[in-house]
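Peer 1: sequence plus the predicted model coming up.
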Amino acid sequence: CRSSLLEVDALYVSDPANAWYLQDPTGAWRGIEYFTALLRRMTADYGRRVLLLGSSMGATACLLFSELAGLAMAFSPQVELRAGQGRFLQDEVLDRFEAQVARSLRACGGRVIVHVGRRHHFDSAVG
């Protein structure tokens, strides 16, 4: 953004466990609480001037934490974990994941834009 002279702060978040932000740093399945607290702390001074932008697992994070943003843009989020890559997870973890996505979307005071592709191999396995 420096070339455009636009001053922005950027925070890049990734899930080192590759577990849809469901694991905390100790390996426990308390990642939703961990990442929510972390992001809430990091975005507190920005109000609704927060953009969440992600693709694939990052898009999943956009939906999980959309309540913290004025705008969330999710490109091909992975949300159907039970029939896809997350089918190995315990039902309790999947229940909390699904509840958090729904709760965060309901609580979002801004906009959420979801982009999905057609004929994605995970989507076709579910559909």
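Peer 2: Great, that's in hand.

Peer 1: any idea which helix is longest in this protein?
Peer 2: If you go by DSSP state H, the chain has its longest helix at helix 91-107.

Peer 1: that one packs against which elements?
Peer 2: helix 31-43, helix 57-64 (3 or more CB pairs under 8 Å, 6 or more residues apart in numbering; DSSP states H and E). To be clear about C-beta, it is placed using only N, CA and C from the backbone, and glycine gets the same treatment.

Peer 1: pick the most deeply packed of these.
Peer 2: Neighbour counts (mean count of other CB atoms under 10 Å) averaged over each of the helices and strands packed on helix 91-107 peak at helix 57-64, with a mean of 23.

Peer 1: sorry, back to before: residues of the longest helix of the chain that come out buried?
Peer 2: 93-94, 96-97, 100-101, 104 (16 or more other CB atoms under 10 Å).

Peer 1: what angle sits between that helix and helix 57-64?
Peer 2: Relative orientation of helix 91-107 and helix 57-64, computed by axes from the mean of the first three to the mean of the last three CA atoms, to 10 degrees: 60 degrees.

Peer 1: perfect, I'm done here.
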